[in-house]
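K.L.:
build me a model:
(chains A and B)
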Amino acid sequence: DSGVTQTPKHLITATGQRVTLRCSPRSGDLSVYWYQQSLDQGLQFLIQYYNGEERAKGNILERFSAQQFPDLHSELNLSSLELGDSALYFCASSPMTGRTEAFFGQGTRLTVV
Amino acid sequence: AQSVAQPEDQVNVAEGNPLTVKCTYSVSGNPYLFWYVQYPNRGLQFLLKYITGDNLVKGSYGFEAEFNKSQTSFHLKKPSALVSDSALYFCAFYGNNRLAFGKGNQVVVIP
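P.N.:
This next block holds a predicted model:
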């Protein structure tokens, strides 16, 4: 158990809908990363927050947004969902931002039908 | 652009034989390199990292990796593979405020 908690574990929703994925980082970790894993794209970095502030942005669509709250948990919002958004979404956390390993949650499997 | 490459899609090895998973990097400056493992329907688990210092890095579950600057490689190794080592292995580097991953290698350990 990495100490990173993601909810829900599974999510099935229809095209055009909006969902929110939640992540609780390890105790004491200030940095949160979001990744998308799909068969064709592999593991893609979406966005990073450090202590409530956005620090880095990757291949995140405009339909997607994220935030990190004062209690350090983070949410990833996905809207106007398309079939191609079906993927495994991971959250990871680390104590700081910088050249350090991150610890991953078990992911949220999103299926858009 | 900076990247890591994992040239093989799948690695098959007999149980008890040495296991090697290959990774090459194209990273400017001093590279910060990592290996992760992913078991089915699970998140990624950190195995080991190279930041600086000894070229041979020891990690979890008996894995180690050798950093080779001249060959720009960071291969993951285990002296004696177990069936339970069957999983997806990712090489990664730290750059631009994120861990960036290779495409992954499926390792199949045959009993």
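
K.L.:
only C-alpha atoms from now on, for both contacts and neighbour counts.
P.N.:
Noted.

K.L.:
got the residues of chain B near chain A?
P.N.:
B:32, B:34, B:41-46, B:49, B:94-104 (Cα under 8 Å from any Cα of the partner chain).

K.L.:
so where do the strands sit in chain A?
P.N.:
A:5-7, A:10-13, A:19-24, A:31-38, A:42-50, A:53-57, A:64-68, A:74-78, A:87-94, A:103-104, A:108-112 (DSSP state E).

K.L.:
tabulate those strands in TSV, adding columns for mean neighbour count, mean pLDDT and distance to chain B.
P.N.:
Output for the strands of chain A, formatted as TSV (neighbours: other Cα atoms under 10 Å in any protein chain shown; pLDDT from 0 to 100; distance: least, Cα to the nearest Cα, whole Å):
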stretch	mean neighbour count	mean pLDDT	distance to chain B
strand A:5-7	20	97	10
strand A:10-13	14	97	11
strand A:19-24	21	98	13
strand A:31-38	24	95	8
strand A:42-50	21	94	6
strand A:53-57	15	94	6
strand A:64-68	18	97	16
strand A:74-78	20	98	17
strand A:87-94	26	96	7
strand A:103-104	26	96	6
strand A:108-112	20	97	9
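
K.L.:
how about the ones you listed, which one is nearest B:H75?
P.N.:
With Cα to Cα as the measure, strand A:42-50 is the member of those nearest B:H75 (19.5 Å).

K.L.:
tell me the strands beside that closest one, with direction?
P.N.:
strand A:31-38 (antiparallel), strand A:53-57 (antiparallel) (DSSP bridges).

K.L.:
can you list contacts of the first one?
P.N.:
Counting by Cα atoms under 8 Å, 6 or more residues apart in numbering or on different chains, the neighbours of strand A:31-38 from elsewhere in the structure are A:25, A:42-51, A:68, A:74, A:76, A:86-97, B:98.

K.L.:
recalculate using a threshold of 6 Å.
P.N.:
A:43-50, A:87-94, A:96-97 (Cα atoms under 6 Å, 6 or more residues apart in numbering or on different chains).

K.L.:
that strand vs strand A:19-24, what angle?
P.N.:
130 degrees (axes from the mean of the first three to the mean of the last three Cα atoms, to 10 degrees).

K.L.:
name the nearest residue to the residue most central in space within chain A, ignoring sequence neighbours.
P.N.:
In chain A, the centroid-proximal residue (Cα atoms, centre = their mean) is A:W34; its distance is 3.3 Å. Once flanking residues are discounted, A:W34 sits nearest to A:C91: 4.6 Å by Cα to Cα, 6 or more residues apart in numbering or on different chains.

K.L.:
now do A:V113
P.N.:
Once flanking residues are discounted, A:V113 sits nearest to A:A14: 4.8 Å by Cα to Cα, 6+ apart.

K.L.:
I figured that neighbour hits A:V112, correct?
P.N.:
Yes: contact criterion Cα atoms under 6 Å: A:A14 and A:V112 qualify, at 5.3 Å.

K.L.:
dump the residue contacts of B:S3.
P.N.:
Neighbours of B:S3 in contact, by Cα under 6 Å, 6+ apart: B:Y25, B:S26.

K.L.:
how many neighbouring residues does the closest residue to B:Y61 other than its chain neighbours have?
P.N.:
In space, and not counting its chain neighbours, B:Y61 is closest to B:L47: 7.8 Å by Cα to Cα, 6+ apart. Counted with other Cα atoms under 10 Å in any protein chain shown, the neighbours of B:L47 add up to 21.

K.L.:
perfect, that will be all.
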